[in-house]
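Colleague: I would like the atomic coordinates for the input below:
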Amino acid sequence: MGIDFTRDRYGRPLVTSPNGGDDKPLPYRRPSSYGGVLDDKFSLNQWQQRMALIGATKRPDLLAQIASTAAGDKDREQTAMLNELIEQCIEAAGGNEGRRLGDALHKYLAMVNSGGKVEVLAPWDADIEAYRTTLAEHQLRPIPDLVEVTLVNDEFQAAGSADIFLEHIPTGDVYLADAKTGKNISSPNTYLVQATLYATRSEERRVGKECRSRWSP
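Modeller: So this is what the prediction gives:
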């Protein structure tokens, strides 16, 4: 699996100049953020607000902290505290369970794609088996060296990690695949933009001790 990027405090990948040298690394955008502008986040924002309210009712201590902090919400430090308290309320309501489950399934899939032996707990073993079955039905095989591979696009200043590249066994054609673990695909155009940035000709190069792949459209 690829080595992750060094990131800045906002989580943006830091990328060195394609020409080498001692230039200061630049923060690049994640390919998913390019497609994110197409998202309609109205329903998601309302869901998060509901989770925060539910969590506050479950944790009186958090509600008391919010009440005592809200008076100073125009102060930057107080605002940061309120944001953290909101996150804790969402957590108390179980709002992050889906994200954590998705992270776990991605790790399982990365191990499967790398060719390792994987023992998956029920009921998630059914998801992994469905993935294996789908690959077999379409005569696709994971390319172990291209699992969670880090890619850089200098033209668009985009950088991120692609889940997996698959080989079509009969033809030898290679396709990019991206695993989505949500209950539904609500923003297909978002994923299309992300995949388009990833699924282009890539050329690997080494920066210091880390491996990076750069590509051009």
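Colleague: From residue 41, how far off is residue 113?
Modeller: 30 Å (Cβ to Cβ, to the nearest Å). The way it works is simple: take the backbone N, C-alpha and C, and place the C-beta from them, glycine included.
Colleague: Quickly find the element holding the closest residue to residue 113 other than its chain neighbours.
Modeller: For residue 113, ignoring the flanking residues on the chain, the nearest one in space by Cβ to Cβ, 6 or more residues apart in numbering is residue 142 at 3.8 Å. For residue 142, the enclosing helix or strand under DSSP states H and E is strand 140-153.
Colleague: Which parts of that strand count as buried, going by neighbours?
Modeller: By neighbour count on 16 or more other Cβ atoms under 10 Å, the buried set for strand 140-153 is 140, 142-143, 146-153.
Colleague: what does stretch 53-69 give?
Modeller: If you call a residue buried by 16+ other Cβ under 10 Å, then stretch 53-69 has these buried ones: 54-56, 59, 62-63, 65-66, 69.
Colleague: and after the strand holding residue 142, which helix or strand comes next?
Modeller: Counting by DSSP H and E, the next helix or strand C-terminal to strand 140-153 is strand 158-168.
Colleague: partners of the helix or strand that that following strand is followed by in the sheet?
Modeller: Scanning forward in sequence from strand 158-168 by DSSP H and E, the next helix or strand is strand 174-177. Here strand 174-177 has these sheet partners by DSSP bridges: strand 158-168 (antiparallel).
Colleague: about what we covered before: who has more neighbours, residue 113 and residue 41?
Modeller: Ranked by neighbour count (other Cβ atoms under 10 Å), residue 113 and residue 41 place residue 113 first, with 25 against 11.
Colleague: ok, residue 104 - contacts?
Modeller: With contact taken as Cβ atoms under 8 Å, 6 or more residues apart in numbering, residue 104 is in contact with residue 124.
Colleague: Please apply the same query to the one 4 residues further on.
Modeller: For residue 108, the contact set (Cβ under 8 Å, 6+ apart) comprises 118, 120, 124, 128.
Colleague: contacting residues for the closest residue to residue 138 other than its chain neighbours?
Modeller: By the measure of Cβ to Cβ, 6+ apart, the closest residue to residue 138 outside its immediate chain neighbours is residue 168, 7.7 Å from it. Residue 168 is in contact with 138-140, 174-175, counting by Cβ under 8 Å, 6+ apart.
Colleague: what do you get for residue 53?
Modeller: Applying Cβ under 8 Å, 6+ apart, the residues near residue 53 are residue 89.
Colleague: can you confirm residue 64 is in a helix?
Modeller: Yes: under DSSP: H, G, I helix; E, B strand; the rest coil, residue 64 falls within a helix.
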